[in-house]
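Chemist: the following comprises the amino acid sequence and a computationally predicted model.
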Amino acid sequence: MMARGEADSNPDYWNEYTNLQQVKHDLIRCYLGGWFAKLGFWAGRVVYLDTHSGRGKYNSGELGSPLVALDTLLNHRARHRLLSTSEFVFLFIERDAENLERLKRELASRQLPRNVRVDPHCGDAFAVIDDIVRNTKALAPAFVFVDPYGFKIPAATLRALLRAGRVELFINVIWRELDMAISQARSGLKPGMAATLTEVFDGEEWRDIAAPGLDERADQAVRLLASKLGAKWHTYIRMLGDNDRTRYVLLHLTNHDEGRDLMKDCMWKVAPDGGYYARKSVDPGQLVLISPTPDPAPPRQWAVERLRAQPRRWHELQEDLRSELWREPQLKAVIRELRKEGVISASEYEGTSSFKADPWLRLGTTRTEE
Ligand SMILES: C[S@@+](CC[C@H](N)C(=O)[O-])C[C@H]1O[C@@H](n2cnc3c(N)ncnc32)[C@H](O)[C@@H]1O
């Protein structure tokens, strides 16, 4: 492992805490709140790995990601039960020695109970990950937050990590710079960039990221990354700058259905308009343009189309829903509405048509609808 530090290339970063940082941290808080509870009751050991930890605190006083993660456990309502079953390890990697010292000072203000271990480490994130993958026989379930300044993240390293165990990745993909690099490399403007991109995407397929719109290209890039890393599910939220263009995307990758569901729930919570995006500044004037309740038309259409193909049990619709961005509460509301209107019916197969009883749902009314 590298022990030497390398200076923070963007010290001004710590002067600004915008809504984008807030959303990023809210997502970590929300996800870990659920994930710690899901894993902590049986796993024996649970790891939070912050690859680009930073200083632990912004100059305006807001907490950085390591403290956000640690406090989520320390303030968890099931903390005592979780800590009596599992050990929680927080591994914080930071390349800048001065940043790491500051982080250690922040961490010193927390009383750590038994079974919580904090391990701040000075080094290059990707060298440390390679080392972990090479030298760990059985990796404990891990949530890995990758939050660099730039887009140069080697896909092969992250793929090896994702394969090493029950690992969830949450990556800040610096999209605006990555998009620019792709266009420059493709046009031959920066010949050296092609090799970097081939490392970022672990292959030459980045050359096909050429859709006309910025967001369509972001979607292509995210799909490519997810498939290269070998993740079953990818879920992302676009982070917009003041010009409403995507600056970066927060990408969650998991091979577990529960992880996908939990991240969808968290993204809906922090971006309740359902657009899966967040803005740099929250301008109260802008909020009136965003409907506070999600538009039910697409899930309604989706449900009708599914049921047109064949009647489905409720749990089958629930399973199908996982690959969509909609969530169960919206689907339930739509099913209730469609039943009320007589567009679909729920059979009395299990003696009741409540969702719990997993009814058959079909287009058209039946006797049980009356
Ligand atoms: C965007 S900041 C991290 C912010 C932090 N995750 C948070 O949310 O509070 C990026 C940090 O990564 C550090 N860094 C840059 N390259 C690194 C590398 N290769 N390995 C580890 N740390 C790195 C920088 O010094 C900087 O502190």
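Modeler: Perfect, I can see it now.
Chemist: what segments of the chain are helices?
Modeler: Shown for the chain, the helices assigned by DSSP state H span residues 19-40, 65-74, 79-85, 97-107, 125-135, 155-163, 175-186, 193-200, 214-229, 257-270, 284-287, 297-309, 314-321, 328-340.
Chemist: single out the most deeply packed of those helices.
Modeler: Looking across the helices of the chain with neighbours counted as mean count of other C-beta atoms under 10 Å, the highest average goes to helix 65-74: a mean of 22. No exception for glycine: its C-beta is placed from N, CA and C like everyone else's.
Chemist: relative to the ligand, which residue of the chain is the closest?
Modeler: Across the chain, no residue is closer to the ligand than G64, which sits at 2.8 Å (C-beta to the nearest ligand atom).
Chemist: wait, isn't that residue in contact with G56?
Modeler: Yes - under the criterion of C-beta atoms under 8 Å, G64 is in contact with G56, at a separation of 4.8 Å.
Chemist: which residues do those two both contact?
Modeler: 103, 106 (C-beta atoms under 8 Å, 6 or more residues apart in numbering).
Chemist: spit out the contact partners of the closest residue to L251 other than its chain neighbours.
Modeler: On the basis of C-beta to C-beta, 6 or more residues apart in numbering, the spatially nearest residue to L251 that is not a chain neighbour turns out to be Y236, at 4.4 Å. With contacts defined as C-beta under 8 Å, 6+ apart, the neighbours of Y236 are 173, 222, 249-252, 276.
Chemist: same question for P148.
Modeler: Counted by C-beta under 8 Å, 6+ apart, P148 has contacts 51-52, 125, 172, 174.
Chemist: mind doing that once more with 10 Å?
Modeler: 51-52, 95, 125-126, 171-174 (C-beta atoms under 10 Å, 6 or more residues apart in numbering).
Chemist: got these as a markdown table, with distance to A43 and pLDDT columns?
Modeler: Output for the contacts of P148, formatted as a markdown table (distance: C-beta to C-beta, whole Å; pLDDT from 0 to 100):
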| residue | distance to A43 | pLDDT |
| --- | --- | --- |
| T51 | 21 | 98 |
| H52 | 25 | 98 |
| R95 | 29 | 97 |
| A125 | 24 | 98 |
| F126 | 25 | 97 |
| I171 | 23 | 98 |
| N172 | 26 | 97 |
| V173 | 28 | 97 |
| I174 | 32 | 97 |
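Chemist: which bits of the stretch 101-250 of the chain sit near the ligand?
Modeler: Taking C-beta under 6 Å from any ligand atom as the contact definition, the stretch 101-250 of the chain meets the ligand at 124-125, 147-149.
Chemist: out of those, what pair is the most spread apart?
Modeler: Set against one another by C-beta to C-beta, these have their most distant pair in D124 and D147, with a gap of 14.4 Å.
Chemist: neighbour-wise, which of those two wins?
Modeler: Taking neighbours as other C-beta atoms under 10 Å, D124 and D147 compare with D147 leading, 21 against 17.
Chemist: what's the pLDDT at that one?
Modeler: If you check D147, the pLDDT there is 98.
Chemist: over to G188?
Modeler: For G188, the pLDDT comes out at 84.
Chemist: quick one: the contacts of P148 as CSV, columns for distance to A7 too.
Modeler: Putting the contacts of P148 into CSV (distance: C-beta to C-beta, whole Å) gives the following:
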residue, distance to A7
T51, 18
H52, 14
R95, 8
A125, 15
F126, 18
I171, 24
N172, 20
V173, 24
I174, 19
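Chemist: can you tell me which of the residues you listed is nearest P113?
Modeler: For P113, the nearest member of the contacts of P148 is T51. The distance, counting by C-beta to C-beta, is 25.1 Å.
Chemist: from S53, how far out is the residue nearest to the closest one when sequence neighbours are not counted?
Modeler: Taking C-beta to C-beta, 6+ apart as the measure, T51 lies nearest to A125, with 3.7 Å between them; neighbours along the chain are not counted. Between A125 and S53 the distance, using C-beta to C-beta, to the nearest Å, works out to 9 Å.
Chemist: okay, and the common contacts of the two?
Modeler: With contacts defined as C-beta under 10 Å, 6+ apart, the residues adjacent to both A125 and S53 are 93-95, 147.
Chemist: of these - the most surrounded one?
Modeler: Each of those was scored by neighbour count (other C-beta under 10 Å); the top score is that of E94, with 29 neighbours.
Chemist: that one touches L107, doesn't it?
Modeler: No - distance between E94 and L107: 11.6 Å, which falls outside the contact criterion (C-beta atoms under 10 Å).
Chemist: which neighbours do the two share?
Modeler: Common neighbours of E94 and L107, counting by C-beta under 10 Å, 6+ apart, are 53, 56, 66, 120.
Chemist: any idea how many residues pack against the residue lying closest to the last one once chain neighbours are set aside?
Modeler: Read that as P120. Across the structure, with C-beta to C-beta, 6+ apart as the measure, the residue nearest P120 apart from its sequence neighbours is F92 (4.5 Å). Burial of F92, expressed as a neighbour count using other C-beta under 10 Å, amounts to 27.
Chemist: for F92, list each beta-bridge partner.
Modeler: When bridges are taken as DSSP bridges, the partners of F92 come out as D50, P120.
Chemist: check M239 too.
Modeler: On the basis of DSSP bridges, M239 is bridged to Y248, A278.
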